[in-house]
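Asks: Here is the input, now give the coordinates:
(chains A and B)
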There are 2 protein chains.
Amino acid sequence: MPDRHLTNRLAKIMPVFDWGRRYNREALGNDLVAAVIVTIMLIPQSLAYALLAGLPAETGIYASIAPIVLYAIFGTSRALAVGPVAVVSLMTAAAIGQLAEPGSAELLAAAITLAFMSGLILILLGVFKLGFLANFLSHPVIAGFITASGILIALSQLRHILGIPAGGANLPELVTSLLENLHRINPVTLVIGVSATAFLFWVRKGLLPLLLATGMNRTLAGVLAKAGPVAAVVITTFAAWAFGLGESHGVRVVGDVPQGLPPLTLPSFSPDLWSTLIGSAVLISIIGFVESVSVAQTLAARKRQRIVPDQELIGLGAANVGAAFTGGYPVTGGFARSVVNFDAGAETPAAGAYTAMGLMLAALLLTPLIYHLPQATLAATIIVAVLSLVDFSILKKTWDYSRADFAAVSATILLTLGFGVEIGVTAGVVLSILIHLYKSSRPHMAVVGRVPGTEHFRNVERHKVETDPTILTLRVDESLYFANARYLEDKIYDMVAARPGLEHFILMCPAVNEIDMSALESLEAINERLRALDVKFHLSEVKGPVMDRLNTSDFLHHITGKIYLSQHQAMGELATDTSHSASIP
Amino acid sequence: MPDRHLTNRLAKIMPVFDWGRRYNREALGNDLVAAVIVTIMLIPQSLAYALLAGLPAETGIYASIAPIVLYAIFGTSRALAVGPVAVVSLMTAAAIGQLAEPGSAELLAAAITLAFMSGLILILLGVFKLGFLANFLSHPVIAGFITASGILIALSQLRHILGIPAGGANLPELVTSLLENLHRINPVTLVIGVSATAFLFWVRKGLLPLLLATGMNRTLAGVLAKAGPVAAVVITTFAAWAFGLGESHGVRVVGDVPQGLPPLTLPSFSPDLWSTLIGSAVLISIIGFVESVSVAQTLAARKRQRIVPDQELIGLGAANVGAAFTGGYPVTGGFARSVVNFDAGAETPAAGAYTAMGLMLAALLLTPLIYHLPQATLAATIIVAVLSLVDFSILKKTWDYSRADFAAVSATILLTLGFGVEIGVTAGVVLSILIHLYKSSRPHMAVVGRVPGTEHFRNVERHKVETDPTILTLRVDESLYFANARYLEDKIYDMVAARPGLEHFILMCPAVNEIDMSALESLEAINERLRALDVKFHLSEVKGPVMDRLNTSDFLHHITGKIYLSQHQAMGELATDTSHSASIP
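Replies: Below is the predicted model of the structure:
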């Protein structure tokens, strides 16, 4: 059966060989229906996100075609829809915005190169199984970052609603620039923008209950309610065409969009450009991966499916490389589009391939129709979409639960708003790591005593326990490593110095999962210092793996006391010993 | 007693008010003897380190005067001698070497500014009690860094021994530059350099046993053996003067050294210079602090004294600010000079003040005498001093004990040699932190069962234990936080999926010292996922502080199972429950 072996191995690298073998007519039907719905929804969304990234509108469509197909081949989620998303578009704008004029060929080349670099980084992370790196983005940091990004995105789109020139990469810049240009508001644009925004908010909040009230099936009603942007696009485009609105009235429309399939493009290999973009590419890869994996996991859980994070990296990496070669820009798995795909009944990644075909047809045939589409309408779709991401409840949740997490999330929000997405998310990650290190550098320790009549030993400050004045037992609730080794030393010296009659010091280690070289040297120093004070140094409840490690060192030959399996045993032996020696006058 | 209160408070900020009150004639005598010995030793050492830093020789003397007095006022160690040291001099050379010509006024200004910035950083760290940050330099990283620095320093001094021009900030540069200039060796310089080096090695290894054999007191013999550099300086200076050796023979001598007290100098406040130097200033502060504190702790331990690390920061900070205003460069507590001070019997920091006076006299009176001092002699004293720092045994020790520590130490050595001190030590710190995070991101977990006939639960893979097929208990040996929350989720899903008959899942938390917001969200996700699979989710042996924290969240209202104080209690209740439900057909 060499064939089956080959297919099984291929199925690991390209999951398409797994689900493709079982593909049948029913799945085909479901996938096709989902594809039609997603295609219709994606057209305005893709155009809008491309404008958000500062790129020509068609780039958004191109970025939805090859990537969706490549993800269908290499990805592991059944329902994830890959393409341009709001946060990554904003990050792309931040990364390349300063490099060239908006709409220029240089800017497009930079976007393509950025997609290629992100793809490469994702594939490398996948090949070397480094997906766990994404775990260093804590949930609160992600929540804070998404909320702050949503505000920045909404503000950056306000200029299209108002019809004024404005820009900026952070809150102060955006607000100043909007206020400075406020006198130049274009009334016609404002009318279009405000009505489109109001309409879309109504569709989101009011249409669904209305449709359900007519007795419509919930899934269909949900999909229809999500088609609001399409209606807004059709209506405002028709209105702009009918009233002859355009540049002459100060109304910016999408204008000429090339008609045809995605072009073949090549990333730049200029070392200058690469060194400029590398930091942004890393951030975009990680943020995109985290967003995508969390969407994929949520959807997979609903159908009791599993996704494979390291394979997801390969799938997303291939999608980004695909975007780079077909005139796109960085992409990832999007929440809104994936949920629509899932709700519309997509069964396999083939739905994505059919969506890609739909978008290809749109690129071939529909582009002339969107000449009159007002940019204000696209801005309205973005604003309504991203405001649903803004959620400050994480502030209250973390405030109640953990001040350290609260510090991380508020710093991420403030720094993202104040200094832009790249500094914001970097600071959030660095801060969470620093907070974690700080906490583990001052571990919780407790002097313990025996709970009367049991073998249990508990904190003397929390429980009524028995202690022996000649024996001091300290339980340390953290692995011992370089960051807390000296702190432990200092604590022990202080405690021992405060107890003149002490004969035995027991370090109780049930929560010590590791003792590194620095901590081992500190234990040796403690042993020597206690030896000088005539206090014996013992360890109790050392875990198996830690004991294995200690056995490779000299420490166990030098220690003045013993290693006890249980604290009960230690107290039994030492307390007897003490009463014995105490009975000698 | 308002006076005593004031003095007690002052004594905390300025320990001089503590020991100063009890100063007596005996202490004065001991301090004076120590000061004379240290002064004699410091003269050649200070000149040599200034040349190592690329600065005029007298800078080394200046950097030993005000700093030593300021440390005596603000520092907490009784024996620490502050001044120029080898590693900090090398780091100063690396920081300012590219900024200006050797010996130029600009270079001196940069060195003064660097000292001022380091002083400021140290004082800020002290005021905000951030001394614990130094703990992130693990023992192996420090050991590797010191060894690699010693090699770089010795190599950088080889050119003075050979009498050739050469330079470089890392091993490849130094070796290439030395080899390229090897044909220009100056024979006279070589003779002086090699004999001085040989003499100093002999003093270090052979003189002490010889003196002890004559029946000399061990302390006196030790101090005399450390005076070797002074003898080398006197002999070679005399020889150079007597034979009229100098630039005409290609022998570089110290030359004109200004005669007088340290000048009043001011640091530059140029933002450009500050932004260039800030990274180096941070590294020099931290490395200097770590070196100084470890010396101070070693010496304090010998006399059962304690030092206060945060107050040490203030003391060293004041010393560096002092160096900046008196024509010096970055200083710290040095190992060699402190040990000599201690061995010579210094009782209080006043010994430092007397040393400062001795050096002032030297700066006033002795500088004309060192005109003929060959630079080769100074290079020899440096080489002999730093080669004692080179110690590769840390490689073997870490290899045997912990591969992670071995990786950190070998990376530190290789990167310091290959790319210089700044990259080397930064990489060492970053790598140790990454290794720690990586380890804690994949915590040790064990499925546990009851040790027959006891209340103890142990790893099923290490012990013969009893388990129940409807109950799975997983003990996780690490705090739960953002970096390992998803890993835990994945592990639990895999385990539960592999056990179809499962009814209860118990997460046993005796080693869980913290559950952060991300981990809490993961626990909620696990609870929901297990609920869907009809498996109840319980926790056991949750620690007091963790339980307090969980009580502030909603989680305890949602959990499908219970929280048990002990695993024994959990098994008692659930196992009964199971046998009961199993008895129903």
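Asks: List the buried residues for stretch A:202-213?
Replies: Judged by neighbour count using 16 or more other CB atoms under 10 Å in any protein chain shown, the buried positions of stretch A:202-213 are A:203-204, A:207-208, A:211. All C-beta atoms are positioned from the backbone trio N, CA, C, and that covers glycine.
Asks: what's the closest of those to chain B?
Replies: Nearest to chain B out of the buried residues of stretch A:202-213 is A:Leu208 (CB to the nearest CB; 24.8 Å).
Asks: check which helix or strand covers A:Val175.
Replies: If you go by DSSP states H and E, A:Val175 is part of helix A:171-180.
Asks: Show me what that helix packs onto, helices and strands only.
Replies: helix A:139-162, helix A:403-419 (3 or more CB pairs under 8 Å, 6 or more residues apart in numbering or on different chains; DSSP states H and E).
Asks: Ok, which of those helices comes nearest B:Gly75?
Replies: Closest approach to B:Gly75 among these is made by helix A:403-419 (33.2 Å; CB to CB).
Asks: tell me which parts of the stretch 51-200 of chain A are close to chain B?
Replies: Taking CB under 8 Å from any CB of the partner chain, the part of the stretch 51-200 of chain A that reaches chain B is made up of A:132, A:135-141.
Asks: And the furthest pair within the residues you listed?
Replies: Distance extremes for those: the farthest pair is A:Phe132 and A:Pro140 at 18.5 Å, using CB to CB.
Asks: So which of these two has more stuff around it?
Replies: Between A:Phe132 and A:Pro140, counted using other CB atoms under 10 Å in any protein chain shown, the more crowded position is A:Pro140 (30 against 18).
Asks: Which pLDDT value does the model give that one?
Replies: Looking at A:Pro140, its pLDDT stands at 88.
Asks: In contact with it, which residues?
Replies: Neighbouring residues of A:Pro140 by CB atoms under 8 Å, 6 or more residues apart in numbering or on different chains: A:394, A:398, A:405-406, A:408-409, A:412, A:432, B:517-518.
Asks: separation between it and B:Tyr481?
Replies: Taking CB to CB, to the nearest Å as the measure, A:Pro140 falls 11 Å from B:Tyr481.
Asks: Residues in contact with the following helix or strand past the helix holding A:Val175: which ones?
Replies: Downstream of helix A:171-180, the first helix or strand assigned by DSSP H and E is helix A:187-202. For helix A:187-202, the surrounding residues in contact (CB under 8 Å, 6+ apart) are A:160-163, A:228-229, A:231-232, A:236, A:239-240, A:245, A:249-252, A:374, A:376-377, A:379-381, A:383-384.
Asks: mind checking how far helix A:187-202 is from the chain centre?
Replies: Remark: helix A:187-202 is offset 32 Å from the chain centroid, using CA atoms, centre = their mean, to the nearest Å.
Asks: Kindly report the same for stretch A:540-547.
Replies: 36 Å.
Asks: Equivalent analysis for stretch A:500-507, please.
Replies: Chain-centre distance of stretch A:500-507: 49 Å, with CA atoms, centre = their mean.
Asks: residue boundaries of the helices in the stretch 251-400 of chain A?
Replies: Using DSSP state H, counting those that start in this stretch, the helices of the stretch 251-400 of chain A run over A:271-302, A:309-325, A:335-343, A:350-365, A:375-387, A:393-401.
Asks: For chain B, which of these is the nearest?
Replies: Closest to chain B of these is helix A:393-401 (CB to the nearest CB; 5.3 Å).
Asks: Indicate whether that closest one makes contact with chain B.
Replies: Yes. Using CB under 8 Å from any CB, helix A:393-401 comes into contact with chain B via A:397-398, A:400-401.
Asks: tell me the angle of that helix relative to helix A:139-162?
Replies: Helix A:393-401 runs at 150 degrees relative to helix A:139-162, counting by axes from the mean of the first three to the mean of the last three CA atoms, to 10 degrees.
Asks: Can you point out the buried residues in helix A:393-401?
Replies: Judged by neighbour count (16+ other CB under 10 Å), helix A:393-401 contains these buried residues: A:394-395, A:397-398, A:401.
Asks: will you turn those residues into JSON lines that also has pLDDT?
Replies: Shown next, in JSON lines, are the buried residues of helix A:393-401 (pLDDT from 0 to 100):
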{"residue": "A:Ile394", "pLDDT": "89"}
{"residue": "A:Leu395", "pLDDT": "92"}
{"residue": "A:Lys397", "pLDDT": "89"}
{"residue": "A:Thr398", "pLDDT": "90"}
{"residue": "A:Tyr401", "pLDDT": "90"}
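Asks: Save these as CSV, and put in distance to B:Tyr564 too.
Replies: CSV is the format used below for these (distance: CB to CB, whole Å):
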residue, distance to B:Tyr564
A:Ile394, 31
A:Leu395, 33
A:Lys397, 26
A:Thr398, 28
A:Tyr401, 22
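Asks: thinking again about what came up before, could you write me a ChimeraX select line covering just the buried ones among the contacts of helix A:187-202?
Replies: Restricted to buried positions by 16+ other CB under 10 Å, the ChimeraX selection for the contacts of helix A:187-202 reads:
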select /A:160,161,162,163,228,229,231,232,236,239,240,245,251,252,374,376,377,379,380,381,383,384
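Asks: still on that earlier bit, pull out the buried residues from the helix holding A:Val175.
Replies: A:171, A:173-174, A:177-178.
Asks: Could you do stretch A:517-534 as well?
Replies: Buried residues in stretch A:517-534 (16+ other CB under 10 Å): A:517-527, A:529-530.
Asks: For chain B, tell me which of the residues you listed show up nearby.
Replies: Applying CB under 8 Å from any CB to the buried residues of stretch A:517-534, those adjacent to chain B are A:517-518, A:520-521, A:529.
Asks: out of the residues you listed, which one sits closest to A:Ala53?
Replies: Out of those, the member with the shortest distance to A:Ala53 (by CB to CB) is A:Ser518, at 46.9 Å.
Asks: Look up phi and psi at the residue of the stretch 1-150 of chain A found nearest chain B.
Replies: Using CB to the nearest CB, A:Ser138 is the residue of the stretch 1-150 of chain A that sits closest to chain B, at 3.3 Å. Note on A:Ser138: its backbone torsions stand at phi -70, psi 160 [degrees, to the nearest 10].
Asks: Run a quick neighbour tally on it.
Replies: 29.
Asks: How about it: what's its closest non-neighbour residue?
Replies: B:Phe482 (3.3 Å; CB to CB, 6 or more residues apart in numbering or on different chains).
Asks: ok, that neighbour touching A:Ala134?
Replies: No. Counting by CB atoms under 8 Å, B:Phe482 does not reach A:Ala134; the two are 10.5 Å apart.
Asks: Just want to know which of these two has more residues nearby.
Replies: Legend: neighbour count by other CB under 10 Å for B:Phe482 and A:Ala134, higher for B:Phe482 (27 against 23).
Asks: how about that one, what does it touch?
Replies: B:Phe482 neighbours (CB under 8 Å, 6+ apart): A:135-139, A:141, A:432, A:436, B:516-519.
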